[in-house]
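*Asks:* Turn this into a model:
(one chain, ligands or ions: 2)
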Amino acid sequence: MTQFTPRVFSGIKPSGGLTLGNYLGAIKRFVDMQGTDFETMYCVVDLHAITVWQDPAELRDATREVAAGFLASGIDPEKSTLFNQSQVPAHAELGWLFSCVARVGWMNRMTQFKDKAGSGAEKVSLGLYAYPALMAADILLYHATHVPVGEDQKQHVELTRDIANKFNHDFKVDFFPETNPVIEGPATRVMNLRDGTKKMSKSGESDMERINMTDTADLIAKKFKKAKTDPEPLPETLDGLSTRPEAKNLVDIYAGLSGQTSEQVIAEYAGAGWGRFKPALADLAVEKLAPISSEMARYMDDKAEIDRILARGAEKARAIADPILKQTKEIIGFVQ
Ligand code: AMP
Ligand code: TRP
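*Replies:* Ligands and ions are numbered 1, 2, ... in the order given. A predicted model of the protein is given here:
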């Protein structure tokens, strides 16, 4: 077996603003993995964003905002490679090669596609359907071994393993590594504040259902105050939350923000009513998010600096990606 360098890759789409779900499920954990045993690569996946319509000016803005969110949260461009996907052409090229490895039957099982396409599957872009093959390319282009993501991306990382296995098997090589999803912590699936059975997402009818990383302190407090709950106080143990999705979500968010486990939060707030817990949660969220959002605003005031950081990151990324793509093409049998 080939020994692969422990390398982390993950990405976030520049479509709409960043939410607390992105922060707790992804960005905060990207920061934690930085400077540990891994080489870390973080990407603003703009090629993925255009699988649904993006206004060009808004796409540029959102790309810089996601980059600003990474930087403000503590991604250090000296320690991590931070770039936007479209500046590294090898992503699109390997994405095509993997479209020829992945099977239609595999794609048809992707629940995110089914959710997003809904009943209008005939009208969505071909790119939305092929998206998981591009995601596999993002990861395998760097021979990444670990991919920190939220729970919703688990199936896509598993598909990445299937693509790597089939490629290795078809061409009788040991070229692409086995990728491990890293889905850890209390907030791998942050739910909608108005409906605890739905994921918190960037799109969605009402802004009240999500916390945006750029929300003001007042708005954060208001959103938590109005968050849907039930009349019961918090139970003594986590088991008592199993049938209370909204209550569980708020406890998990508290845990994610405070760096505790949900069990520890329950132990501290056992028997507390919402009148006590919600203001404590709002204060904690403001304490953690306000410095990040003001840093984001500072970066957004200097777009040239963001663009420089992304360009430098893309150059570092190309230096890893290009030789791997070249070897892939060699294995496939292209004359180069
Ligand atoms: P996206 O915004 O869809 O590009 O997602 C980027 C990353 O954030 C992925 O790793 C997602 O799994 C994660 N993420 C998005 N929404 C949530 C959420 N509500 N809870 C936890 N993680 C999330
Ligand atoms: N598909 C991911 C999402 O919607 C974003 C993404 C694209 C990604 N490429 C990736 C995540 C590679 C991890 C690794 O959230």
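
*Asks:* so who does Glu232 touch?
*Replies:* By CB atoms under 8 Å, 6 or more residues apart in numbering, the residues touching Glu232 are Arg244, Ala247. C-betas here are computed from N, CA, C, even on glycine.

*Asks:* ok, so what distance separates it from Met41?
*Replies:* Distance, Glu232 to Met41, by CB to CB, to the nearest Å: 44 Å.

*Asks:* likewise Ala130?
*Replies:* Distance of Ala130 to Met41, given as CB to CB: 22 Å.

*Asks:* the more surrounded of these two?
*Replies:* Neighbours per residue, other CB atoms under 10 Å: of Ala130 and Met41, the larger number sits with Met41, 25 against 18.

*Asks:* Which secondary structure element is home to the more buried one?
*Replies:* Element membership for Met41, per DSSP states H and E: strand 39-44.

*Asks:* now do Ala314
*Replies:* helix 303-332.

*Asks:* So which elements touch the strand or helix carrying Met296?
*Replies:* Take DSSP H and E as the rule and Met296 turns out to sit in helix 274-300. On a contact count with 3 or more CB pairs under 8 Å, 6 or more residues apart in numbering; DSSP states H and E, helix 274-300 meets helix 56-73, helix 217-226, helix 245-258, helix 262-269, helix 303-332.

*Asks:* Reformat those helices as CSV; add mean neighbour count, distance to ligand 2 and mean pLDDT.
*Replies:* CSV is the format used below for these (neighbours: other CB atoms under 10 Å; distance: least, CB to the nearest ligand atom, whole Å; pLDDT from 0 to 100):
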stretch, mean neighbour count, distance to ligand 2, mean pLDDT
helix 56-73, 21, 11, 98
helix 217-226, 16, 22, 94
helix 245-258, 22, 17, 97
helix 262-269, 17, 23, 96
helix 303-332, 16, 13, 98
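
*Asks:* As CSV, these with distance to Met208 would be great.
*Replies:* Conversion of the helices and strands packed on helix 274-300 to CSV gives the following (distance: least, CB to CB, whole Å):
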stretch, distance to Met208
helix 56-73, 21
helix 217-226, 6
helix 245-258, 13
helix 262-269, 23
helix 303-332, 30
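
*Asks:* Out of these, which gets nearest to Ala26?
*Replies:* helix 56-73 (9.8 Å; CB to CB).

*Asks:* So that closest one, near ligand 1 or not?
*Replies:* No. On the criterion CB under 6 Å from any ligand atom, helix 56-73 is out of touch with ligand 1, staying 8.4 Å away.

*Asks:* so what secondary structure elements neighbour that helix?
*Replies:* Counting contacts by 3+ CB pairs under 8 Å, 6+ apart, helix 56-73 packs against strand 7-12, helix 28-33, strand 39-44, helix 46-49, strand 80-84, helix 274-300, helix 303-332.

*Asks:* Buried residues, the helix holding Met296. List them.
*Replies:* 274, 277-278, 280-282, 284-286, 288-289, 292-293, 295-296, 299-300 (16 or more other CB atoms under 10 Å).

*Asks:* try stretch 16-31
*Replies:* For stretch 16-31, the neighbour count (16+ other CB under 10 Å) marks 16-31 as buried.

*Asks:* Settle this for me: Glu236 is touching Ala272, isn't it.
*Replies:* No. Taking contacts as CB atoms under 8 Å, Glu236 lies outside contact range of Ala272: 11.0 Å.

*Asks:* Which residue of the two possesses the greater neighbour count?
*Replies:* When Glu236 is set against Ala272 and neighbours are counted by other CB under 10 Å, the residue ahead is Ala272, at 14 against 11.

*Asks:* Can you tell me the SS state at the residue nearest to that one when sequence neighbours are not counted?
*Replies:* Using CB to CB, 6 or more residues apart in numbering and skipping the chain neighbours, the partner closest in space to Ala272 is Leu234 (5.0 Å). Here Leu234 is recorded as coil under DSSP: H, G, I helix; E, B strand; the rest coil.

*Asks:* which outside residues touch stretch 257-267?
*Replies:* 24, 186, 234-238, 240-241, 248, 251-252, 254-255, 281, 284-285, 288.

*Asks:* Val101: what's it in contact with?
*Replies:* Ala133, Ile163, Lys166, Phe167, Asp170.

*Asks:* Tell me how far the fourth one lies from Met110.
*Replies:* Okay, so that is Phe167. 19 Å.

*Asks:* got the CA positions of stretch 256-275 in PDB?
*Replies:* C-alpha atoms of stretch 256-275 as PDB (Å, rounded to 0.1, in the frame of the first residue of the first chain):
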ATOM      1  CA  GLY A 256     -20.600  23.800  19.600                       C
ATOM      2  CA  LEU A 257     -20.000  27.400  20.400                       C
ATOM      3  CA  SER A 258     -18.700  26.800  24.000                       C
ATOM      4  CA  GLY A 259     -16.500  23.900  23.000                       C
ATOM      5  CA  GLN A 260     -18.300  21.600  25.400                       C
ATOM      6  CA  THR A 261     -20.200  18.300  24.700                       C
ATOM      7  CA  SER A 262     -24.000  18.400  24.700                       C
ATOM      8  CA  GLU A 263     -23.900  16.300  27.800                       C
ATOM      9  CA  GLN A 264     -21.900  18.900  29.700                       C
ATOM     10  CA  VAL A 265     -24.400  21.600  28.600                       C
ATOM     11  CA  ILE A 266     -27.400  19.600  29.800                       C
ATOM     12  CA  ALA A 267     -25.600  18.900  33.100                       C
ATOM     13  CA  GLU A 268     -25.100  22.600  33.600                       C
ATOM     14  CA  TYR A 269     -28.700  23.700  32.500                       C
ATOM     15  CA  ALA A 270     -30.700  20.700  33.800                       C
ATOM     16  CA  GLY A 271     -34.200  22.000  34.700                       C
ATOM     17  CA  ALA A 272     -33.600  25.400  33.200                       C
ATOM     18  CA  GLY A 273     -36.500  27.100  31.400                       C
ATOM     19  CA  TRP A 274     -36.100  28.800  28.000                       C
ATOM     20  CA  GLY A 275     -36.200  32.200  29.800                       C
END
